[in-house]
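Trainee: compute the structure for the input listed below.
(chains A and B)
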Amino acid sequence: MSAAESQVKEAAVRRRVRNGALGLAALALAFYFGFIVLLVHHSHH
Amino acid sequence: MANAYGDTAHHDHHHDDHHDQPATGIKRWLFATNHKDIGTMYLVFSLIMFFIGGAMAMVIRAELFQPGLQLVDPVFFNQMTTNHALIMIFGAVMPAFVGLANWMIPLQIGAPDMALPRMNNFSFWILPFAFTLLLSTLFVPGGMVAGGWTLYPPLSLQTGDSFPMLIFAIHMMGISSIMGAINVIVTIMNMRAPGMNLLKMPLFAWSWLITAYLLIAVMPVLAGAVTMLLTDHFFKTSFFNAAGGGDPVMFEHIFWFFGHPEVYIMVLPAFGIISEILPTFSRKPLFGATSMIYAIASIAFLSFIVWGHHMFVDGMPLAAQLFYMMATMLIAVPTGVKVFNWTATMWRGSLSFEPPMLFAIAFLFLFSIGGFSGLMLAIVPVDFQYNQTYFVVAHFHYVLVPGAIFGIMAGVYYWLPKWTGHMYSMGLAKTHFWLSAIFVNVLFFPQHFLGLAGMPRRIPDYAVQFTDWNMVSSIGGFAFGLSQILFAIVIVQSIRGGKQATAQVWEGTHPTGLEWTLSSPPPYHSFTTAPQIP
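Mentor: Next comes the predicted model:
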């Protein structure tokens, strides 16, 4: 086992980890752009 | 049979112990993917930032030792207050908790590492660049950002060359925190040892799970706000510029929508640590463990709906004032549950007073003082009087120093023998505790009196009637700052050697976390075979 490898070997767990991480990252990006869009909208009204 | 880690049952720890040794030299740290190495780097980084931020605090207290201007010019003073806050919040407290999370969450839940080790490396190594950038603003024309850590426009928009550097640094800190939070959540949700359901999970891991969700919800909001400040400054937008039709008060709303949960981001993991330590040194299980989880979750939820209490003096409708006041006071209910449970844990316990327990008890008393002054500030007409005074400074320092930082110190003293394999000097650690506990009160308690008497915050000079308590506060500050050198000495001594620590480390360890089933120090790659939880 290389030190740089993920220690999760089972495909199903790896998939859950990847999907979880991508989902949370998408949530964070949604908050970031969401607030900017909200203020752009606010500044036009 | 293969388990969730892809290992087979006949593997054992000894197989991996000699197979995977850490890399040698600088490569071990630059390319680190091991949660213990990354945890260590976070903790060392936060200690360095603690001393840099502390040095800035010494400048502030030296200038305030007596009225008049004697050491620094007012602009530099404001640079110190602003950057002291930024460094302590984003450089010292938050990375310290991420370091503790990196070290302890995999060990507590029986995971071999964090779920995303390479991202873990990246989220740490962003930080030195971010803070080098932030600190280098000291040398640009105009100096460091000086408008307060809240970066309120229009004042912050008048900052010189340091402004875009600060904004970039904040973005990097935010990205680092979000990546760290994602890692914590996916690790806890996917890597727990078989049989460890969420209600069996140690309170420290629970507190971090909730904190990680808070981070993901609010760090992007801060990033969005400062991005808009940047476009206001350089691209002629008018999000917060009243002259262009923008609304500077909107920035305050967005900032505090981030800022108030941020306060809980800095203290919820400390709640988790205290909930681990008190049972150990009371030799009793934690009283009401499930209610503790609900209390932490309730505090986290409420933290999203109270931001307006930072802005009472801006002017807002009476209904909004009442809502924010009552919602803020409501936080006292789950906090009261926690304090009651901690007290009940100690009740009729067989108490002993090793350094982690001393810091935990000091946390309990002194954090409660910060909580009570917070309740006072939640009352709208009272806040009208206290706003922008030293009373506020006293309040949040009681929450953050004997709250968050004592929580970190309690955690370090609790787990240090587990990390290094050596017991540290109890005498030195207790001396550190007593000096810290006494001088933190000498430093911050008089600031309540100064605030109630009307001394404004963020000023380098003051009226002569405030002199005596400022002198007392400054003496407390210098003594508290010097006492922290002992903390570094104890840590270095423990790394270099000392009496061998057992696996259990503390006699009264109540085994909720799996870290106590491993040797001290644990193997470089631990739990490569998942432990079974009964």
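
Trainee: report the closest residue of the stretch 251-400 of chain B relative to chain A.
Mentor: Nearest residue of the stretch 251-400 of chain B to chain A (Cβ to the nearest Cβ) works out as B:I254 at 6.4 Å. No exception for glycine: its C-beta is placed from N, CA and C like everyone else's.

Trainee: can you pull the contacts of B:W29?
Mentor: B:D37, B:M41 (Cβ atoms under 8 Å, 6 or more residues apart in numbering or on different chains).

Trainee: can you point out the buried residues in the strand or helix carrying it?
Mentor: Assessed by DSSP states H and E, B:W29 sits inside helix B:26-30. Counting neighbours by 16 or more other Cβ atoms under 10 Å in any protein chain shown, one finds that the buried residues in helix B:26-30 are B:W29.

Trainee: how about the helices in the stretch 51-200 of chain B?
Mentor: If DSSP state H, counting those that start in this stretch is used as the criterion, the helices of the stretch 51-200 of chain B fall at B:74-86, B:94-109, B:117-136, B:162-190.

Trainee: could I get those as TSV with mean pLDDT?
Mentor: Below are these laid out as TSV (pLDDT from 0 to 100):
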stretch	mean pLDDT
helix B:74-86	96
helix B:94-109	97
helix B:117-136	97
helix B:162-190	97
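
Trainee: give me whichever of the ones you listed is most buried.
Mentor: Among these, the stretch with the highest mean neighbour count (mean count of other Cβ atoms under 10 Å in any protein chain shown) is helix B:94-109, at a mean of 27.

Trainee: can you tell me which of the helices of the stretch 51-200 of chain B comes nearest to chain A?
Mentor: Evaluated over those, closeness to chain A peaks at helix B:162-190, with 4.3 Å, by Cβ to the nearest Cβ.

Trainee: who does whichever helix or strand comes after that closest one touch, helix- and strand-wise?
Mentor: Towards the C-terminus, the helix or strand next in line after helix B:162-190, according to DSSP H and E, is helix B:203-234. Contact here means 3 or more Cβ pairs under 8 Å, 6 or more residues apart in numbering or on different chains; DSSP states H and E; on that basis helix B:203-234 packs against helix A:11-43, helix B:94-109, helix B:162-190, helix B:248-265, helix B:268-282, helix B:289-302.

Trainee: so the closest residue to chain B within chain A: helix, strand or coil?
Mentor: Distances between chain A and chain B by Cβ to the nearest Cβ are smallest at A:K9, namely 2.2 Å. Assigned by DSSP: H, G, I helix; E, B strand; the rest coil, the conformation of A:K9 is coil.

Trainee: gap between it and A:A21?
Mentor: Using Cβ to Cβ, to the nearest Å, A:K9 is found at 17 Å from A:A21.

Trainee: more crowded one of these two?
Mentor: Neighbours were tallied for A:K9 and for A:A21 using other Cβ atoms under 10 Å in any protein chain shown; the higher tally belongs to A:A21 (19 against 16).

Trainee: need the contact list for the residue of the stretch 251-400 of chain B closest to chain A.
Mentor: A:F35, A:L39, B:V221, B:G224, B:A225.

Trainee: could you find the closest non-adjacent residue to the last one?
Mentor: Residue nearest to B:A225 in three dimensions, not counting chain neighbours: B:I254, with 4.4 Å by Cβ to Cβ, 6 or more residues apart in numbering or on different chains.

Trainee: wait, B:A394 sits on B:F445?
Mentor: Yes - under the criterion of Cβ atoms under 8 Å, B:A394 makes contact with B:F445 at 7.1 Å.

Trainee: where does chain A dip in pLDDT?
Mentor: In the predicted model of chain A, residues A:1-7, A:45 satisfy pLDDT under 70.

Trainee: what about residue 43, neighbour count?
Mentor: Chain wasn't specified; assuming chain A. Neighbour count for A:S43, taken as other Cβ under 10 Å: 17.

Trainee: chain B, not that one
Mentor: Applying other Cβ under 10 Å, we find 24 residues neighbouring B:L43.

Trainee: for the closest residue in space to it that isn't next to it in sequence, give me its contacts.
Mentor: With sequence-adjacent residues excluded and distances taken as Cβ to Cβ, 6+ apart, B:L43 is closest to B:G99, at 3.8 Å. B:G99 makes contact with B:I38, B:G39, B:T40, B:M41, B:Y42, B:L43, B:F45, B:S46 under the criterion Cβ under 8 Å, 6+ apart.

Trainee: which bits of the stretch 101-250 of chain B sit near chain A?
Mentor: Taking Cβ under 8 Å from any Cβ of the partner chain as the criterion, the neighbours of chain A within the stretch 101-250 of chain B are B:111-113, B:115-119, B:178, B:181-183, B:185-186, B:189-191, B:216-221, B:223-225, B:227-228, B:238-239, B:245-247, B:250.

Trainee: one step back: make TSV out of the helices and strands packed on helix B:203-234 and add distance to B:G371.
Mentor: Written out in TSV, the entries for these read as follows (distance: least, Cβ to Cβ, whole Å):
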stretch	distance to B:G371
helix A:11-43	28
helix B:94-109	19
helix B:162-190	25
helix B:248-265	11
helix B:268-282	12
helix B:289-302	11
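
Trainee: out of these, which is closest to B:H422?
Mentor: With distances scored as Cβ to Cβ, the stretch of the helices and strands packed on helix B:203-234 nearest to B:H422 is helix B:94-109 (15.8 Å).

Trainee: and the angle from that closest one to helix B:203-234?
Mentor: Angle of helix B:94-109 versus helix B:203-234, following axes from the mean of the first three to the mean of the last three Cα atoms, to 10 degrees, is 150 degrees.

Trainee: CA atoms of helix B:94-109 as PDB?
Mentor: Listed next in PDB are the C-alpha coordinates belonging to helix B:94-109 (Å, rounded to 0.1, in the frame of the first residue of the first chain):
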ATOM      1  CA  MET B  94      -9.600  26.900  13.400                       C
ATOM      2  CA  PRO B  95      -6.500  25.100  12.200                       C
ATOM      3  CA  ALA B  96      -5.900  23.800  15.800                       C
ATOM      4  CA  PHE B  97      -9.300  22.200  15.700                       C
ATOM      5  CA  VAL B  98      -8.700  20.800  12.200                       C
ATOM      6  CA  GLY B  99      -5.500  19.400  13.500                       C
ATOM      7  CA  LEU B 100      -7.200  17.700  16.400                       C
ATOM      8  CA  ALA B 101      -9.900  16.400  14.000                       C
ATOM      9  CA  ASN B 102      -7.200  15.000  11.700                       C
ATOM     10  CA  TRP B 103      -5.400  13.300  14.500                       C
ATOM     11  CA  MET B 104      -8.400  12.000  16.500                       C
ATOM     12  CA  ILE B 105     -11.400  11.400  14.300                       C
ATOM     13  CA  PRO B 106      -9.900   8.400  12.400                       C
ATOM     14  CA  LEU B 107      -8.500   7.000  15.700                       C
ATOM     15  CA  GLN B 108     -11.800   7.500  17.500                       C
ATOM     16  CA  ILE B 109     -14.000   5.900  14.900                       C
END
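
Trainee: that helix: how far from the chain's middle?
Mentor: Shown here is helix B:94-109, whose average C-alpha point lies 12 Å from the average C-alpha point of the whole chain (Cα atoms, centre = their mean, to the nearest Å).

Trainee: what about A:R15, how many residues close to it?
Mentor: A:R15 is surrounded by 12 other residues when neighbours are defined as other Cβ under 10 Å.

Trainee: ugh, typo on my part, it should be B:W347
Mentor: By other Cβ under 10 Å, neighbour count at B:W347 equals 11.

Trainee: what residues are up against it?
Mentor: In this structure, B:W347 makes contact with B:F287, judged by Cβ under 8 Å, 6+ apart.

Trainee: understood, closing this out.
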